[in-house]
Structures are given as C-alpha cells and as structure tokens.
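Colleague: Sequence first, then the predicted structure:
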Amino acid sequence: MSAVVYVLIYLAAINVLTFFLYGIDKWKAKRSKWRISEATLVWMAVVGGSIGALMGMKAWHHKTQHAKFKYGIPFILLTQIALVVWYLWRFHLSLYVNN
C-alpha cells in the first residue's frame, strides 16, 4: 500500500475514535462519572481527529458552549487544511509548474 492509503486509514480511524470519545464523555457527564479530560479531547483533534471532534460536538451537543472547543476545534481544522494545501502546493504541484 502507498503512504497515501496509510494516511487515509489513519485519518479515518482517528476521526471515528475522536467522534466516539466525545459521545462517551457526554454520556459520562450526564451520569456524573469520571470524565475524559478536555486536554485529551483537544489533543485528539490536533493529531488528526478535528473532523470527528466537530461531528461529535454537533451529534452529541457536547462542548459546544466552551470557547476552547467552539473556536479552537474549527481553528485546528482550518490550520490542518492550510498545511495540507501548502504541502501539496509546495511539494507536489510545484513539480508540474517548474517543468
């Protein structure tokens, strides 16, 4: 398999995991049980689960009023998109432009 396939599998897995972590944390919050730390939830977005985090926030109505999540998670996603666009432009598209 190519590196792209491995990256896509990783992103799918981390986003599914992040989505369910938000759901588990919401379930635990309703039952006053031990919670998943906010740092863990944010870190999961940073390492590639930002789409899963946004979907989890929306689906589970969880952490939607906290500024750290309301603005931070979309910022992380936009930063990740910008990095991918920059990487593709710099290292892949420039191969075609310079020839």
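Modeller: Looks like it came in fine. Numbers count the residues shown, from 1 in each chain.

Colleague: show me what contacts the residue nearest the centre of the chain?
Modeller: In the chain, the centroid-proximal residue (Cα atoms, centre = their mean) is Ser50; its distance is 1.5 Å. Listed by Cβ atoms under 8 Å, 6 or more residues apart in numbering, the contact set of Ser50 reads 15, 18, 73, 76-77, 80. C-betas here are computed from N, CA, C, even on glycine.

Colleague: can you tell me the average pLDDT over the one helix or strand Leu83 maps to?
Modeller: Using DSSP states H and E, Leu83 sits within helix 72-87. In this model, helix 72-87 carries a mean pLDDT of 96.

Colleague: mind exporting it as PDB, just the C-alpha atoms?
Modeller: Output of helix 72-87 as PDB, limited to C-alpha atoms (Å, rounded to 0.1, in the frame of the first residue of the first chain):
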ATOM      1  CA  GLY A  72     -10.500  26.100  18.900                       C
ATOM      2  CA  ILE A  73     -11.600  23.000  17.100                       C
ATOM      3  CA  PRO A  74     -12.600  24.800  13.900                       C
ATOM      4  CA  PHE A  75      -9.300  26.700  14.100                       C
ATOM      5  CA  ILE A  76      -7.400  23.400  14.300                       C
ATOM      6  CA  LEU A  77      -9.300  22.000  11.300                       C
ATOM      7  CA  LEU A  78      -8.600  25.200   9.200                       C
ATOM      8  CA  THR A  79      -4.900  25.000  10.200                       C
ATOM      9  CA  GLN A  80      -4.700  21.400   9.200                       C
ATOM     10  CA  ILE A  81      -6.400  22.200   5.800                       C
ATOM     11  CA  ALA A  82      -4.000  25.100   5.300                       C
ATOM     12  CA  LEU A  83      -1.000  22.800   6.000                       C
ATOM     13  CA  VAL A  84      -2.200  20.100   3.500                       C
ATOM     14  CA  VAL A  85      -2.800  22.800   0.800                       C
ATOM     15  CA  TRP A  86       0.600  24.300   1.500                       C
ATOM     16  CA  TYR A  87       2.300  20.800   1.400                       C
END
